[in-house]
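[1] I would like to see how this sequence folds:
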Amino acid sequence: MVSTNKSNEEKTDEWLEKTWDSYSPQIYNLCRVKCGNKEDAMDVFQNVALRFCQNAKKIAYDDSIFPWLTAVFKNCFYDYVRFRQKLYPFSRASNIMGDYMNLSADRSVFFREGNKENDELNRAVGSLSERDRTLINLTFKKGLSTEELSVLYGVSANTIVKRRHSAIKRAKAALLG
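    From the prediction side, this is the model:
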C-alpha cells in the first residue's frame, strides 16, 4: 500500500514538472510584458510558481491548467501593483488640501490665497456628481467620521469607505486628466 502512494506522488511530481515546463514560458512572458522590468517580472513569476506548487495536489490532471495559471498570474500581478503603488508625497498634498480641512481656510496651515492648485482641486471636486461632491465635502470640510456618515446615509461604514474612495479616484482622474 505504501508503494501505491509513492507511485501517485511520482505521477503528481511528473505531472507538476511537465505542466510547469510547458506553461512557464507563457507565464514569464506575461510577467515581462506587465511588469516592465526583469527584476519585478521575476518576482511575480516566482510567486506564480510558488502558488502553483502549493496548489498542485488540488488540481485535477485532466483540467485545463492555463486559465487557472493566468488567474493566479493576475492575482500575483495585482499584489505586486499594490505593493509597488507610488505614494503621493505629503509635501505636494499639503499644497492642495487647503479647502478640504476640518478647520476654516484662514486657520488652516495649508491655506494660501489665490493658490492655483486649490482652484484645480475645486474644479476636480466640482466635476463630481452631487452625491460624490457632498460625500467629499462632509468628510473633508465638515470633518464627519465614517461612522457618522454611515448613520447619515443609512448605509454601512464599508459602503461609505468604498463610495469615498471611488469619489476621490474620480476627482484625481479629473485633476490629472
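[2] which parts of stretch 153-164 are buried?
    Within stretch 153-164, the residues scored as buried using 16 or more other C-beta atoms under 10 Å are 160, 163-164. C-beta coordinates here come from the backbone N, C-alpha and C atoms, glycine included.
[3] what's the closest of these to Met42?
    Arg164 (36.5 Å; C-beta to C-beta).
[4] Lowest average confidence across helices and strands of the protein, where is it?
    Every helix and strand of the chain was ranked by mean pLDDT, DSSP states H and E. The lowest is helix 90-96, at a mean of 46.
[5] helices or strands next to the very next helix or strand once past that helix in the packing?
    Counting by DSSP states H and E, the next helix or strand C-terminal to helix 90-96 is helix 116-126. Here helix 116-126 touches helix 90-96, helix 130-136, helix 157-176, going by 3 or more C-beta pairs under 8 Å, 6 or more residues apart in numbering; DSSP states H and E.
[6] between those helices, which one is nearest to Cys35?
    For the helices and strands packed on helix 116-126, proximity to Cys35 was assessed by C-beta to C-beta; helix 157-176 is nearest, at 22.7 Å.
[7] Show me what that closest one is packed up against.
    Counting by 3+ C-beta pairs under 8 Å, 6+ apart, helix 157-176 packs on helix 116-126, helix 130-136, helix 146-153.
[8] quick one on the thing from earlier: same list (the helices and strands packed on helix 116-126) but as CSV, adding distance to Lys142.
    Output for the helices and strands packed on helix 116-126, formatted as CSV (distance: least, C-beta to C-beta, whole Å):
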stretch, distance to Lys142
helix 90-96, 19
helix 130-136, 10
helix 157-176, 13
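[9] Can you flag the weakest of the ones you listed by average pLDDT?
    For these, mean pLDDT drops lowest on helix 90-96, to a mean of 46.
[10] now the residue nearest to Lys38 when sequence neighbours are not counted, what's its secondary structure?
    In space, and not counting its chain neighbours, Lys38 is closest to Arg32: 7.2 Å by C-beta to C-beta, 6 or more residues apart in numbering. Judged by DSSP: H, G, I helix; E, B strand; the rest coil, the three-state class of Arg32 is helix.
[11] From Phe77, how far off is Arg32?
    11 Å (C-beta to C-beta, to the nearest Å).
[12] thinking again about what came up before, quick one: which of the helices and strands packed on helix 157-176 is nearest Asp40?
    From the helices and strands packed on helix 157-176, taking C-beta to C-beta, the stretch that ends up closest is helix 116-126, at 30.9 Å.
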